[in-house]
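>>> return atomic coordinates for the entry below.
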Amino acid sequence: MSRPHASGLRALREAPLRKTGTNDRQAPSRDDLMLPRMPELPDTRSPFWRQSAAERSLRQALRLSRLSRSYLFIGPDGVGKWAAAQWVAQTLLCREADPVKRPCGTCDGCHRVQSGSHPDWHALFAVPKDTADDDAVAFLAAKRDDPYAVIRFKKRPYLTIDRVRALISELNMTAVEGGAKVTIIAGAEQMAGDAQTILLKTIEEPPPSAYFILTSADPGRLLPTVLSRCQLVRFAPVAPAVIAERLAAERGLDAERAQMVAALCGGGWGNALRLAQEESEAWRQVAATLWQGAFRVGVNDLLAQIDATFSPRRRVGFDLLLQAFDVWGFLLRRDCERAVRSAVATAAPTDGAPIPDAETGWACWRILQNGRSTLYVNVADRHAVTGTFLALRRRLRC
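Next up is the predicted model:
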C-alpha cells in the first residue's frame with residue numbers, strides 16, 4: 001500500500017473524472033469538484049471563522065517565512081481546525097506566482113488540495129478497521145463539502161501504527177511535484193502510543209520539505225514529547241450566543257433549541273450542526289433521563305437503567321456514546337451552577353447530581369472526562385458508562 005487508505009483515496013480522486021458509462025477520463029470542472037474559493041467566502045464560511053488569533057499567527061508566520069514544520073492545532077471539534085489546516089496546505093501547494101496572493105483558491109494546486117487529490121497532500125485520521133476504505137472516502141467527501149463538518153462513525157475508529165508507518169514511508173520519497181509535502185493528521189490523539197512514538201521520530205527529523213499539521217480536541221492524550229515538538233495554535237471555542245444566533249438565522253432553529261445545542265456543542269460550529277439534527281435531539285432526551293435519576297435510585301436500579309439504555313438491541317453507535325457523555329457534561333455544569341447559586345449546599349436536589357461544593361464539582365468533571373476517554377480504548381461500551389456512574393456516585397457518596 002503506497003499510502004494510508006490508498007484504494008479509498010483513489011476512488012475519491014477518480015470519481016469526478018469518469019464519464020457515465022465509460023472509462024474515459026476528462027478534466028474536472030469546478031462544479032464537479034464542488035470547490036469553493038476560500039478568498040471569496042463570506043465570514044461564516046471562512047477557514048478562520050471567529051478565530052482571529054489563530055489566523056493572525058499563521059498569516060504572520062507565512063509572511064515572515066517562519067512557518068513551523070510541525071503544528072498542533074488544538075480546539076473543540078468543529079471549530080475549524082481542518083479548515084485552517086487545508087488553508088495552510090493550499091498556501092504551500094498553490095501555484096500562484098505572487099506569494100502574497102497565496103492561496104489563490106483558483107489554481108490547479110488549490111483545487112486538488114481542496115478535493116483531496118493532490119499527490120503531495122496527505123491526510124491521516126481514525127476510521128473503523130473493517131470499513132476503513134469506504135469510511136475514508138466518506139470522511140474526505142464530507143470535509144470537502146464542509147471543512148467544519150464533524151464526522152463520527154457507528155463503530156470505534158482507530159489510527160494504527162501500520163497506517164502511520166505507511167505514511168512515513170511515502171513522505172520519505174521525493175515530492176511528486178518537487179515542492180512541499182503536507183500532511184494533516186486529524187484527531188491525532190486517537191493514535192495509539194506506539195504510533196505516536198513512531199511519528200515523533202519523523203517530526204523530530206522531518207523529511208525534506210515535509211510539513212505536519214496535527215489537530216486535536218483532546219491534546220492531553222498526546223505524548224508530552226509530541227506536544228513539545230509541535231508549535232501550538234489554539235482555536236478558541238466560539239461563544240454559545242454567537243452559535244445560537246447563527247443556528248437560528250441559517251438553520252431556522254427556535255431560540256430554546258438553538259441555545260441548548262449551542263451550550264452542548266463545546267464551541268464548535270460543525271459540532272453544533274451535527275447536534276441540531278432531529279435524531280440527535282431524541283437521543284439527548286434519553287441520555288438526560290438517565291442522568292436525572294442516576295443519583296436518586298439504588299445501585300441495582302441504576303445498573304438496570306444503564307443496561308436498558310445501552311442494550312444491544314438499541315445498537316447505540318460510537319457517535320451516540322460520545323453524545324451521551326457530552327450531554328452528561330452539560331448537565332453536570334448545570335448542577336454545579338445550581339450549587340453555586342444556592343446559599344447552602346444542595347443536599348438532595350430533585351434531579352441530577354447533588355454537588356455540594358466546587359471541589360466536588362471539578363472531581364466529578366474529571367471522572368466524566370476520564371470515562372469519555374475510555375471509549376477510545378478497548379473497553380466495552382456499557383462497562384465504560386457503568387464505571388463512570390459508579391465512580392460519580394462514590395465521589396458524591398450517593
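>>> the longest strand in this protein is where?
Ranked by number of residues, the top strand in the chain under DSSP state E is strand 210-216.
>>> that one pairs with which strands, parallel or anti?
strand 70-74 (parallel), strand 181-185 (parallel) (DSSP bridges).
>>> ok, the residue nearest the centre of the chain - contacts?
The residue lying closest to the centre of the chain (C-alpha atoms, centre = their mean) is residue 77, at 4.0 Å. By C-beta atoms under 8 Å, 6 or more residues apart in numbering, the contact set of residue 77 is 150, 217, 266, 268, 270-271. Every residue, glycine included, has its C-beta placed from N, CA and C.
>>> kindly report the same for residue 215.
72-74, 81-82, 85, 184-188.
>>> highest neighbour count among those?
residue 81 (32 neighbours; other C-beta atoms under 10 Å).
>>> in terms of contact, does that residue touch residue 72 like I think?
No - between residue 81 and residue 72 no contact is recorded; they are 9.6 Å apart, counting by C-beta atoms under 8 Å.
>>> among the strands paired with strand 210-216, which is nearest residue 290?
Proximity to residue 290, assessed across the strands paired with strand 210-216 by C-beta to C-beta, is greatest for strand 70-74 (30.5 Å).
>>> got the domain ranges for this structure?
Domain assignment for the chain, taken from automatic domain parsing, gives 6-234, 277-396.
>>> okay, residue 103 and residue 88: tell me how far apart.
Distance of residue 103 to residue 88, computed by C-beta to C-beta, to the nearest Å: 9 Å.
>>> so between these two, which is more surrounded?
Counted by other C-beta under 10 Å, residue 103 and residue 88 do not tie: residue 103 has more neighbours, with 26 against 23.
>>> what strand or helix carries the nearest residue to the more buried one once chain neighbours are set aside?
Ranked by C-beta to C-beta, 6 or more residues apart in numbering and with sequence neighbours excluded, the top spatial neighbour of residue 103 is residue 90, at 3.6 Å. For residue 90, the host element (DSSP states H and E) is helix 81-93.
>>> export that helix as PDB, just CAs?
Extracted as PDB, the C-alpha positions of helix 81-93 are listed here (Å, rounded to 0.1, in the frame of the first residue of the first chain):
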ATOM      1  CA  LYS A  81      -9.000  23.200  12.700                       C
ATOM      2  CA  TRP A  82      -9.400  21.200   9.500                       C
ATOM      3  CA  ALA A  83     -10.400  24.300   7.500                       C
ATOM      4  CA  ALA A  84      -7.300  26.100   8.700                       C
ATOM      5  CA  ALA A  85      -5.100  23.100   8.000                       C
ATOM      6  CA  GLN A  86      -6.400  23.000   4.500                       C
ATOM      7  CA  TRP A  87      -5.800  26.700   4.100                       C
ATOM      8  CA  VAL A  88      -2.100  26.200   5.100                       C
ATOM      9  CA  ALA A  89      -1.800  23.200   2.700                       C
ATOM     10  CA  GLN A  90      -3.300  25.300  -0.100                       C
ATOM     11  CA  THR A  91      -0.800  28.100   0.600                       C
ATOM     12  CA  LEU A  92       2.200  25.700   0.500                       C
ATOM     13  CA  LEU A  93       1.000  23.900  -2.700                       C
END
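>>> show the pLDDT at the residue lying closest to residue 363 once chain neighbours are set aside.
Nearest non-adjacent residue to residue 363, counting by C-beta to C-beta, 6+ apart: residue 395, 5.4 Å away. Residue 395 carries a pLDDT value of 93.
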